[in-house]
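Visitor: sequence and predicted model, in that order:
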Amino acid sequence: MEEKEIIKISEKLLMPTYSRYPIVLRKGRGVRVWDVNDKEYLDFLAGIAVNILGHCPRKVVLAVQKQVQRLIHVSNLYYNEPQLNLAKILIKNSFADRVFFCNSGTEANEGALKLSRIYMKNKFGNDRYEFISAYNSFHGRTFGSLSVTGQKKYHHGFEPLLEGIKFVPFNDIHAIESAITDKTCAIILEPIQAEGGVNVPDKNYLRKVRDICDKEGILLILDEIQTGIGRTGKLFAYEHFGVEPDIVTLAKGLGGGIPIGAILTKEEIANAFAPKTHASTFGGNPVACASAVATLETLLEDGYLLDYCQRMSRYFIKKLNSIKEKHPKKIREIRGIGLLIGVELNFSGEEVVKKCIENGLLIGTAGDGTVLRFTPPLIIEKDDIDEAISILDRVLKEVVD
Ligand SMILES: *Cc1c(COP(=O)(O)O)cnc(C)c1O
């Protein structure tokens, strides 16, 4: 089928939940993808922060092939080895003692909210049900996760949402203090707000939130669905801030492209869940887990890739700053950690994204649309960055603000 026809029929058959860019992708290798006309693109969005190791990384492909031939699915009424292998790696390399596997980010957050509620209920009785979340946060599209997402535009039309949610400005410790009541159950935050505009908090913000949680006996949930699994140059972003959360949620990068989500927590909290309190048919699926094991093994080998991500980040940000000097009226700010980088423009970034795609560079927007979002695979090389920078430079020259 031709590109035009694929697009036309897709628009007719798929529910209209996306406004897609008019390209049809067919193949990927490393940092690059190709469309059905064999046009090549440099992928600096990477499935929205999913393809940590790039497209079709060899070790992941082999692990999936091997597992798919052996056993594709069994239920959680039985045990399977890939699930245990993945749990071991996550626990060895994190604050956590226990893991629950699911299939997506929003599902991980749903589970984290349920876990918090049941843990606090067991401990204190019925009253501790409120969640505190931040404006501009993004936690997913299902009702619980949507309810704690601090962006009105995503709520519109779906009310009534979950009750007992309070929103505070991100990076404002006093706002959190004022929002706490004797009903507060947990605070849910992204260490760095990704979808909401790549907002990096002050160095000591999360530390202070942790202190408040300890003092008040409140749980701290960190949504690391986008920031986790090496995206920021550490396995988990909380490592940058010297805090230990009570619960962490993961998804995006975890499976190397195969759908999987996870909830990580401490023994005492995990034990609030018992058989029949929470479950998932596909959660911990052997193929997804084998893929995640291969992804994490590659990522953690000698810690090389995490350090490399930080080096590429410094190089990328330096180059972006040189572009900023060339276009001082168009670029307002460059921010981010590791390879989660936002470039805030003085106008909507939509035209820039479109033109970048035409020129063979895939990027996205974040926040109110004025922020260009760069989440390339961690394996990018300096040449890739140079190429992306030269496309961006050319596009910025063309667009009129
Ligand atoms: C993408 C994302 C989610 C939702 O994940 P899905 O897999 O799309 O459900 C939740 N939280 C954060 C921080 C995300 O970036």
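Guide: Thanks, I have the structure now.
Visitor: where's the residue in the chain positioned nearest to the ligand relative to residue 82, distance?
Guide: Residue nearest to the ligand within the chain (CB to the nearest ligand atom): residue 105, separated by 2.2 Å. The C-beta positions use only the backbone N, C-alpha and C, and glycine is treated the same way. For residue 105, the distance to residue 82 equals 20 Å [CB to CB, to the nearest Å].
Visitor: residue 163: how many residues sit nearby?
Guide: 8 (other CB atoms under 10 Å).
Visitor: name the element it belongs to?
Guide: Per DSSP states H and E: residue 163 is located in neither a helix nor a strand.
Visitor: all further residue positions should be reported with the first residue as 473.
Guide: OK, 473 is where the count begins now, so the last one is residue 635.
Visitor: for it, grab phi and psi.
Guide: phi -90, psi 160 (degrees, to the nearest 10).
Visitor: tell me the residues of the stretch 473-622 of the chain that contact the ligand?
Guide: 576, 577, 578, 581, 610, 611, 612 (CB under 6 Å from any ligand atom).
Visitor: now tabulate these in TSV and tack on neighbour count and pLDDT.
Guide: Output for these, formatted as TSV (neighbours: other CB atoms under 10 Å; pLDDT from 0 to 100):
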residue	neighbour count	pLDDT
576	20	98
577	26	98
578	23	98
581	28	98
610	25	98
611	31	98
612	24	98
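Visitor: of these, closest to residue 806?
Guide: Of all those, residue 610 has the smallest distance to residue 806: 20.8 Å, by CB to CB.
Visitor: you'd agree the closest one is up against residue 669?
Guide: No - with contacts defined as CB atoms under 8 Å, residue 610 does not count as touching residue 669, sitting 9.8 Å away.
Visitor: mutual contacts of these two, please.
Guide: Counting by CB atoms under 8 Å, 6 or more residues apart in numbering, residue 610 and residue 669 have no common neighbour.
Visitor: from memory residue 723 sits against residue 695, does it?
Guide: No - at 9.4 Å, residue 723 and residue 695 do not qualify as touching, with contact defined as CB under 8 Å.
Visitor: how close does residue 564 sit to residue 824?
Guide: 42 Å.
Visitor: so the two - more neighbours on which side?
Guide: residue 824 (23 against 10).
Visitor: please name the residues that touch that one.
Guide: Here residue 824 is in contact with 817, 844, 864, 867, 868, 871 (CB under 8 Å, 6+ apart).
Visitor: let's go with 10 Å and repeat that
Guide: For residue 824, the contact set (CB atoms under 10 Å, 6 or more residues apart in numbering) comprises 802, 815, 817, 835, 837, 842, 844, 864, 867-868, 870-871, 873.
Visitor: do residue 733 as well
Guide: Residue 733 touches 572-583, 612, 697, 721-724, 726-727, 752, 755, 760, counting by CB under 10 Å, 6+ apart.
Visitor: now, which of those lie within strands?
Guide: Mapping the contacts of residue 733 onto strands (DSSP state E) picks out 572, 573, 574, 721, 722.
Visitor: ok so residue 617 is a helix residue?
Guide: Yes - assessed by DSSP: H, G, I helix; E, B strand; the rest coil, residue 617 belongs to a helix.
Visitor: could you report the pLDDT at it?
Guide: At residue 617, the model reports a pLDDT of 98.
Visitor: same deal with the one 5 residues further on?
Guide: In this prediction, residue 622 carries a pLDDT score of 98.
Visitor: burial of it, as a residue count?
Guide: 22.
Visitor: tell me the bridge partners for it.
Guide: Under DSSP bridges, the beta-bridge partners of residue 622 are residue 607.
Visitor: low-confidence ranges, the chain, go.
Guide: Scanning the chain for pLDDT under 70 picks out 873.
Visitor: if I look at the most centrally placed residue in it, how far off is residue 609?
Guide: What sits nearest the mean C-alpha location of the chain, by CA atoms, centre = their mean, is residue 698, with 1.4 Å. According to CB to CB, residue 698 and residue 609 sit 11 Å apart.
Visitor: between which two of the residues of the stretch 473-622 of the chain next to the ligand is the distance greatest?
Guide: 576 and 610 (13.4 Å).
Visitor: identify the contacts common to those two.
Guide: Contacts common to residue 576 and residue 610, judged by CB under 10 Å, 6+ apart, are 617, 697.
Visitor: residue 546 is in contact with residue 757, isn't it?
Guide: Yes - taking CB atoms under 10 Å as the definition, residue 546 is a contact partner of residue 757 at 8.4 Å.
Visitor: dump the residue contacts of residue 768.
Guide: By CB under 10 Å, 6+ apart, the contact list for residue 768 reads 524, 557-558, 561-562, 564-565, 701-702, 707, 725-728.
Visitor: in what helix or strand does it lie?
Guide: helix 758-772.
Visitor: right, is that helix up against the ligand?
Guide: No - judged by CB under 6 Å from any ligand atom, helix 758-772 stays clear of the ligand, getting no closer than 12.7 Å.
Visitor: tally of neighbours for the nearest residue to the residue nearest to the centre of the chain once chain neighbours are set aside?
Guide: Distances taken as CB to CB, 6 or more residues apart in numbering put residue 666 closest to residue 698, at 4.0 Å, once the chain neighbours are dropped. Number of residues near residue 666 (other CB under 10 Å) recorded here: 28.
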